[in-house]
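>>> What follows is a protein structure lacking sequence information:
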């Protein structure tokens, strides 16, 4: 097994040594005398703290050795810098003066940034208008999904769809929004969990509760037989004092939740169906209204529709481009009339007519002309 990598933070010896060095450096840095102009704006202890924070991610033994060695050297320097007239104190003062000034800290008097403006949530499609302690009843909260058809395009009628478990939802456009898919999946998961709870109660908990009740009944009968009926408390055979009753209560509670979910889904489905019917009626009304667009725009769109339907003759704009692409048809060449043996020109119909069938007609010979032979074609 290969050795595990060395992690200094997990080594207690390294942690104790590093913490002791840090405390010694901070304690010595605070005891160094500094000029009044540097004492208020500079802090040697702050430099030590930032340096330790910068090197806290070191895991290489080489870098750790270099950092610890430098720390012990600075500890010796800080101890000698306690005397204001020492060379180490002068070096430290010169170093602090050469450092760039620190950025002033933000004060509480500065105005707080304004919170980012949140986009208002869209109005829900349906709302529950039922009173308390009543079955759910939903009604559409809008008269229409879109105020009008956009740019003269036909209105898209939504479709009421359901999942495998009967949850209704509305398909408005494609692709389906991710939030809608997440909501549908979350509700489907919760509904399946409730169904599985009922199955678990019927298959596992109910038989176990019946066995427990049977065991208690047998123990009570044995106690009556051994001690007598007077010295044993009478067995309560009521259903409410059995294990089976507690399981029945749990099953009834889960079935009540499933029934409430079904009622909610049915009410939602009716409201969504009403929205779809309203949109279908608006789409039929808009398609029956006269076209109020400009004449030029209407004629171009009509030509495009006619061309898409297969009637290219009624689209002058399309025919214009088609004529430019098609080559100009050439006139057909006349067929010359070959003279016959008697000097009269032969008719094309007579030449094309096949001879009458004859019983004594010889079987035609299949031959290959030189110009149409395979070798001539390959050459």
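Received, thanks. Keep in mind it's a predicted model, so treat the numbers as computed, not measured.
>>> from here on, contacts and neighbour counts on C-alpha atoms
Noted.
>>> the longest helix in this structure is where?
Scanning the chain for the helix with the most residues, using DSSP state H, yields helix 243-288.
>>> Packing partners of it?
Judged by 3 or more CA pairs under 8 Å, 6 or more residues apart in numbering; DSSP states H and E, helix 243-288 is in contact with strand 126-128, strand 138-140, strand 159-162, strand 168-171, helix 178-200, helix 206-227.
>>> Make CSV from the ones you listed and add distance to residue 153 and mean neighbour count to it.
Conversion of those to CSV gives the following (distance: least, CA to CA, whole Å; neighbours: other CA atoms under 10 Å):
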stretch, distance to residue 153, mean neighbour count
strand 126-128, 26, 16
strand 138-140, 24, 19
strand 159-162, 18, 16
strand 168-171, 19, 18
helix 178-200, 26, 13
helix 206-227, 61, 14
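>>> how about these in JSON lines, adding mean pLDDT and distance to residue 8?
Listed next are those as JSON lines, based on pLDDT from 0 to 100; distance: least, CA to CA, whole Å:
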{"stretch": "strand 126-128", "mean pLDDT": "90", "distance to residue 8": "61"}
{"stretch": "strand 138-140", "mean pLDDT": "92", "distance to residue 8": "64"}
{"stretch": "strand 159-162", "mean pLDDT": "93", "distance to residue 8": "59"}
{"stretch": "strand 168-171", "mean pLDDT": "94", "distance to residue 8": "57"}
{"stretch": "helix 178-200", "mean pLDDT": "95", "distance to residue 8": "45"}
{"stretch": "helix 206-227", "mean pLDDT": "87", "distance to residue 8": "56"}
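>>> follow-up on the earlier one: okay, the angle between the longest helix of the chain and helix 206-227?
Orientation check (axes from the mean of the first three to the mean of the last three CA atoms, to 10 degrees): helix 243-288 against helix 206-227 gives 160 degrees.
>>> could the helices and strands packed on helix 243-288 be laid out in a markdown table, adding distance to residue 43?
Conversion of these to a markdown table gives the following (distance: least, CA to CA, whole Å):
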| stretch | distance to residue 43 |
| --- | --- |
| strand 126-128 | 64 |
| strand 138-140 | 68 |
| strand 159-162 | 69 |
| strand 168-171 | 66 |
| helix 178-200 | 53 |
| helix 206-227 | 74 |
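>>> just so I know, which of the ones you listed lies nearest residue 254?
Shortest separation from residue 254 across the helices and strands packed on helix 243-288 is recorded for helix 178-200, at 6.5 Å, computed as CA to CA.
>>> Start and end of stretch 129-140, how far apart?
Length of stretch 129-140, first residue to last, CA to CA, to the nearest Å: 10 Å.
>>> what comes into contact with it?
For stretch 129-140, the external contacting residues (CA atoms under 8 Å, 6 or more residues apart in numbering) are 125-128, 263-264, 267-268, 270-272, 274-275.
>>> What mean pLDDT does the longest helix of the chain get?
Looking at helix 243-288 alone, the average pLDDT works out to 92.
>>> do the same with stretch 13-30
Summarised as a single mean, pLDDT over stretch 13-30 is 92.
>>> Can you tell me what sits against it?
With CA under 8 Å, 6+ apart as the criterion, stretch 13-30 contacts 8-9, 44-45, 48-49, 52, 68, 71-72, 74-75, 78-79.
>>> one step back: would you show me how to pick out the buried ones of the contacts of stretch 129-140 in ChimeraX?
Written as a ChimeraX command, the selection of buried residues from the contacts of stretch 129-140, which uses 16 or more other CA atoms under 10 Å, is:
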select :125,126,127,128,264,267,268,270,271,272,275
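>>> what would the contacts of stretch 129-140 look like in JSON lines with distance to residue 88?
As requested, the contacts of stretch 129-140 are exported to JSON lines (distance: CA to CA, whole Å):
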{"residue": "125", "distance to residue 88": "77"}
{"residue": "126", "distance to residue 88": "79"}
{"residue": "127", "distance to residue 88": "79"}
{"residue": "128", "distance to residue 88": "80"}
{"residue": "263", "distance to residue 88": "85"}
{"residue": "264", "distance to residue 88": "82"}
{"residue": "267", "distance to residue 88": "85"}
{"residue": "268", "distance to residue 88": "82"}
{"residue": "270", "distance to residue 88": "87"}
{"residue": "271", "distance to residue 88": "85"}
{"residue": "272", "distance to residue 88": "83"}
{"residue": "274", "distance to residue 88": "88"}
{"residue": "275", "distance to residue 88": "85"}
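>>> picking up where we left off before, now for the helices and strands packed on helix 243-288, which one comes closest to residue 3?
Closest approach to residue 3 among the helices and strands packed on helix 243-288 (CA to CA): helix 178-200, 46.0 Å.
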